[in-house]
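# Sequence and predicted structure, then a few things I'm wondering about:
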Amino acid sequence: MTYIRRQVQGKNVYIYRVRSYRDPVTKKVRQEATYLGKEIERNGEKALKPPMDRKSVRRILNSGPYIMYRVAGDHGFVQQYDEVMANLTGIKHAARKVIILAAECILGPGHSAYVHTGIPDLTDKEIRDIVDLVGRKDPDTIGMLERSMASQIIKEFGSSGLVYDLSAIRYYGTENDLARFGHYYHVNGENREINFVLAVTRKGSVPVHHKPLAGNIPSVSTIRGFACDLKDFGIRAILIVIDRGFYSSDNMKDLKDYSVIGALPSTVGMHDDLILESGDMENSRNYFQYHDETVFLREKRIHGIRYIVFFSPRLKTRKLESFYHRLSEKERNLNELMGKKFDSPDDMVRTVEAEIKGFRNLIEIKYEKESTRFSYVLKHKAIQRRTNRFGYTILITNTMIAAPDVLKIYRDKDRVEKAFAHLKPHLEPFFSRSEEGTRARLFLAVLGYTMVAIIANVCGITYNQALETLAGIREVVYSTGSHSHVEYTKDQRELLEKLKLEL
């Protein structure tokens, strides 16, 4: 069915032709709107002023997305994606459109990629079709695209291994199944969370694999799937660095085909036992210098796994000072609350419990029934158990890498945390209603981040420097169809020279 829609905005009236149809794949009713023009008065009668053809006017466009597109082509993404998507869809230039949309996720619309590639600007319907294609689970489009590039990324950037971690995206809706249970890492009021895992190369922080997960799935449960995905991608015998939240004996078995460096959580019984056994490690036989820090180490091998205990006097001192400073603040605030009048016992309990958050196992609170009074005592043995761990880090590995180098590699794992920090501004706030939409949006953001990370690595600059430089490059497109770049800054010129690109 086709009809005319009049959209009133203030004193202006805009006319659209709207076509309603049923999508043959999803069976959902969709609408396709075509802008016909603005309604005006001419000689006392209403007339239609057709829209201006954007191609026939002068425009100033961002060049960054096109540069990202070119870099993706130079590193094999266009060719590999073309081969995958040729078997999945009849959408013309599907792979190229995916890469352009990924660049838009990072640098926004209004760019010159369409001018250079000859691909027409995408309509809203075409964008929806691309998103539906990417988010599809059967077949798994994203898995196929990642698999097509995994070996190439490992070859170029993965020689020193991968870093793997989990983070969360704040979700501001109610309908997404992945966010149904939310609130995994922290409380966001009424907002929920969607978790996602990410594996990046230790060199350059280039993503190899990612996956969205339900908000209540903990880190430790993701390793088996990650190991299976790596094997499906053909990635074997590579170093993987994981945080303490991923440790379990089963996970170490699942990763037995890989070199692994991780940390032992303090919640594991063996953790405190290893510290007790290492009580006399502070001597000249066990020390080494980590930058300007003195660190002592001792290791133990159990069932083929090396458990390396590191002790830093400087770290212990810093943590002790911070801990007792915070504990004294808690005591001071509790003493003030003891003299406060509360509206009800429930109000008192809520206030006190909020105050001791993070110290609940170290402070015993005694509430007086039928009143608004309470008292507290410090649990000195529990406090001593916690402070006894300060300064200690226990790392695990199945490699023969020297212990000091194991510590250096583990402390370098913040590369994936920085990748999360760069990605989240392009993802939050997150409103996708379906799992498929979530998959598509996350993939496009990760792909866009990947292109900028590759540019930063090739040019020897930081991610933020690459992003800032790309965002400032402009082109003028004239009414004749010709185009010319705006004068480059020094940084922009050097970036293009290192990428061997001309606009």
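That came through, no problem.

# State the distance from Val18 to Ile4.
7 Å (CB to CB, to the nearest Å). For the C-beta atoms, the positions are set from N, CA and C on the backbone; glycine is no exception.

# higher neighbour count, those two?
Higher neighbour count among Val18 and Ile4: Val18, with 13 against 9, using other CB atoms under 10 Å.

# OK, contacts around Met85?
Residues near Met85 by CB atoms under 8 Å, 6 or more residues apart in numbering: 91, 94-95, 98, 133, 141, 145.

# now do Glu502
So Glu502 contacts Leu496 (CB under 8 Å, 6+ apart).

# tell me which element it is part of?
Following DSSP states H and E, there is no helix or strand that holds Glu502.

# Kindly report the same for Met270.
Judged by DSSP H and E, Met270 forms part of helix 269-277.

# outside of that helix, which residues touch it?
264-266, 298, 300, 307, 309, 385, 388-389, 392, 394.

# Among those residues, which one has the most neighbours?
Result: Ile394 is most packed of these (other CB under 10 Å), 26 neighbours.

# Checking it next. Helix, strand or coil?
strand (DSSP: H, G, I helix; E, B strand; the rest coil).

# In contact with it, which residues?
263-264, 271, 274-275, 307-310.

# Can you spell out the domain ranges of this structure, please?
2-51, 63-243+413-503, 315-388 (automatic domain parsing).

# Could you say which of the ones you listed is packed most deeply?
Comparing the domains of the chain by mean neighbour count (mean count of other CB atoms under 10 Å), domain 63-243+413-503 ranks first with a mean of 18.

# on that earlier part again, list the buried ones in the helix holding Met270?
For helix 269-277, the neighbour count (16 or more other CB atoms under 10 Å) marks 271-272, 274-275 as buried.

# As a check, name the ranges of all helices in the stretch 1-150 of the chain.
Using DSSP state H, counting those that start in this stretch, the helices found in the stretch 1-150 of the chain span residues 64-74, 77-85, 94-107, 113-117, 124-135, 141-157.

# tell me which strands and helices the fourth one is in contact with?
Helix 113-117 is packed against helix 64-74, helix 94-107, with contacts defined by 3 or more CB pairs under 8 Å, 6 or more residues apart in numbering; DSSP states H and E.

# Looking at the spatially most central residue of the chain now. What's its pLDDT?
In the chain, the C-alpha nearest the mean C-alpha coordinate belongs to Phe420, at 3.5 Å (CA atoms, centre = their mean). pLDDT for Phe420: 94.

# does it really touch Ala199, like I thought?
No. The criterion here is CB atoms under 8 Å, and Phe420 misses it with Ala199 at 11.9 Å.

# which residues sit in contact with Val352?
334, 337, 365, 367, 374.

# before we move on, the earlier item: need the contacts of Met85 in TSV with distance to Ser159 and pLDDT, can you?
TSV is the format used below for the contacts of Met85 (distance: CB to CB, whole Å; pLDDT from 0 to 100):
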residue	distance to Ser159	pLDDT
Ile91	36	91
Ala94	32	94
Ala95	27	95
Val98	28	97
Leu133	33	94
Thr141	29	95
Leu145	23	96
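
# ok, so of those residues, who is nearest Leu447?
Val98 (7.5 Å; CB to CB).

# Tell me where the model's unsure across the stretch 201-350 of the chain.
The stretch 201-350 of the chain contains no residues with pLDDT under 70.

# Quick one: the helices in it, in order.
So, for the stretch 201-350 of the chain - with DSSP H, counting those that start in this stretch - the helices run 223-232, 249-254, 269-277, 313-338, 345-355.

# what's the following helix or strand after the last one?
Yep, that's helix 345-355 we're talking about. strand 363-367.

# nearest to Tyr14, of the helices and strands packed on helix 113-117?
Proximity to Tyr14 (CB to CB) singles out helix 94-107 among the helices and strands packed on helix 113-117, at 24.5 Å.

# Who are the packing partners of the longest strand along the chain?
Longest strand in the chain, counting residues (DSSP state E): strand 29-42. On a contact count with 3+ CB pairs under 8 Å, 6+ apart, strand 29-42 meets strand 2-9, strand 12-22, strand 45-49, helix 124-135.

# Summarise which helices and strands the last one is packed against.
Helix 124-135 is packed against strand 29-42, helix 94-107, helix 141-157, helix 435-459, with contacts defined by 3+ CB pairs under 8 Å, 6+ apart.

# Mind putting the domains of the chain into CSV with distance to Lys256?
What follows is these, written out as CSV (distance: least, CB to CB, whole Å):
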stretch, distance to Lys256
domain 2-51, 42
domain 63-243+413-503, 9
domain 315-388, 31
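
# who wins for proximity to Tyr290 among those domains?
domain 315-388 (10.4 Å).

# Return the distance of that closest one from the chain's centre.
Here the centre of mass of C-alpha atoms in domain 315-388, compared against the chain's by CA atoms, centre = their mean, to the nearest Å, lies 35 Å away.

# okay, how far is it across that domain, tip to tip?
End-to-end distance for domain 315-388: 12 Å, by CA to CA, to the nearest Å.

# pretty sure Ile363 is touching Lys357, no?
No. With contact defined as CB under 8 Å, Ile363 does not reach Lys357; the gap is 10.6 Å.

# What score does Val57 have for pLDDT?
Looking at Val57, its pLDDT reads 68.

# before we move on, what about Gly64?
96.

# so who does it touch?
Counted by CB under 8 Å, 6+ apart, Gly64 has contacts 103, 107, 111, 470-471, 473.

# any idea how far the closest residue to it other than its chain neighbours lies from Glu497?
Spatially, and ignoring its direct neighbours in sequence, Gly64 is nearest to Leu470 (3.7 Å; CB to CB, 6 or more residues apart in numbering). According to CB to CB, Leu470 stands 14 Å off from Glu497.

# Could you do Arg389 as well?
In terms of CB to CB, Arg389 sits 51 Å off from Glu497.

# got it, and Lys137?
Taken as CB to CB, the span from Lys137 to Glu497 is 43 Å.

# same deal with Glu364?
In terms of CB to CB, Glu364 sits 66 Å off from Glu497.

# For the closest residue to Leu503 other than its chain neighbours, list the residues it contacts.
With sequence-adjacent residues excluded and distances taken as CB to CB, 6+ apart, Leu503 is closest to His485, at 4.6 Å. Neighbouring residues of His485 by CB under 8 Å, 6+ apart: 63, 473-476, 503.

# Show me which of these is closest to Ala453.
Ile473 (17.8 Å).

# Quick check: that closest one touching Ile60?
No. With contact defined as CB under 8 Å, Ile473 does not count as touching Ile60 (11.4 Å).

# Can you check which residues contact both of those two?
In contact with both Ile473 and Ile60: Val486, using CB under 8 Å, 6+ apart.

# Who are the contact partners of Tyr69?
By CB under 8 Å, 6+ apart, the neighbours of Tyr69 are 78, 96, 99-100, 103, 113, 116-117, 451.

# let's see 7 Å
99-100, 103, 113 (CB atoms under 7 Å, 6 or more residues apart in numbering).

# Export those to a markdown table and append columns for distance to Ile223.
What follows is the contacts of Tyr69, written out as a markdown table (distance: CB to CB, whole Å):
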| residue | distance to Ile223 |
| --- | --- |
| Ile99 | 31 |
| Ile100 | 35 |
| Ala103 | 32 |
| Ala113 | 38 |
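
# Quick one: the contacts of Met85 as JSON lines, columns for distance to Lys330 too.
Below are those laid out as JSON lines (distance: CB to CB, whole Å):
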{"residue": "Ile91", "distance to Lys330": "59"}
{"residue": "Ala94", "distance to Lys330": "58"}
{"residue": "Ala95", "distance to Lys330": "57"}
{"residue": "Val98", "distance to Lys330": "52"}
{"residue": "Leu133", "distance to Lys330": "54"}
{"residue": "Thr141", "distance to Lys330": "51"}
{"residue": "Leu145", "distance to Lys330": "50"}
